[in-house]
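> Fold the following, please.
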Amino acid sequence: MIINTNNGSAMAARILGESSNALQKSLSRLSSGSKIASPSDDAAGTAVAMRFSAQINRTQSARDNVGNAIAYAQTQDGFMEKIAGALDRMSELAMLAQDETKSSQDLSLYDKEFQKLDDFITAIKSKTFNGISLFAGNSISFMGVTVSESGTTFGADSINLLGGSTAYNAITNKH
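Below you'll find the predicted structure:
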């Protein structure tokens, strides 16, 4: 018995298998929208893509940090505007208390309003933003914000709100 091999059909089967594999790769690339569908396509290209992806993620995180710092500063600014309004009114009350024609009842009302404004400012000292104090209290604190994917930081001193007022002395000494 003799078994013959059909070399032509064996070669056709091999070429068909290679063509099928090439078609599968092409369809995989088309469906993914990427030139590199698997690491075996281009190992160096995959490494570069991974580095770029990591850099983009770090840059996005730095951008988020800056956004949070801006929101922190805007919140501080809003409270400072409220404090400025209260201090304006307190200075007005101090000037009104200097008027010799005011009765002790008027002065008492001025003092009561002044105390409420002082309590308002004191309450603002304890305000926080996402658990971080907006105002330093009695000491200067430093807030560092990472602003680049390389770790560069930007620093800002927090605002120091000290208690006590010379305007308050003007009203209380008048009594």
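> quick check, distance from the longest helix along the chain to the centre of its chain.
Counting residues, the longest helix found in the chain (DSSP state H) is helix 43-97. Computed by CA atoms, centre = their mean, to the nearest Å, the chain-centroid distance of helix 43-97 equals 6 Å.
> Tell me the predicted confidence for Ser158.
We have a pLDDT of 60 for Ser158.
> Show me what the longest helix of the chain is packed against.
helix 104-124, strand 128-129, strand 142-146, strand 153-157, helix 166-172 (3 or more CB pairs under 8 Å, 6 or more residues apart in numbering; DSSP states H and E). All C-beta spots, glycine's among them, are computed from the backbone N, C-alpha and C.
> Least confident of these, on average?
helix 166-172 - the lowest mean pLDDT of those, at a mean of 51.
> and stretch 81-90, which residues are buried?
The neighbour-count check on stretch 81-90 (16 or more other CB atoms under 10 Å) flags Ile83, Ala86, Met90 as buried.
> Surely the first one is in contact with Asp118?
No. Shown here, Ile83 and Asp118 do not form a contact pair, counting by CB atoms under 8 Å, at 10.9 Å.
> The spatially closest residue to Tyr72 that is not a sequence neighbour and Ser34, how far apart?
Nearest in space to Tyr72, with sequence neighbours left out and distances taken as CB to CB, 6 or more residues apart in numbering, is Phe129 at 5.0 Å. Remark: distance between Phe129 and Ser34 (CB to CB, to the nearest Å) = 41 Å.
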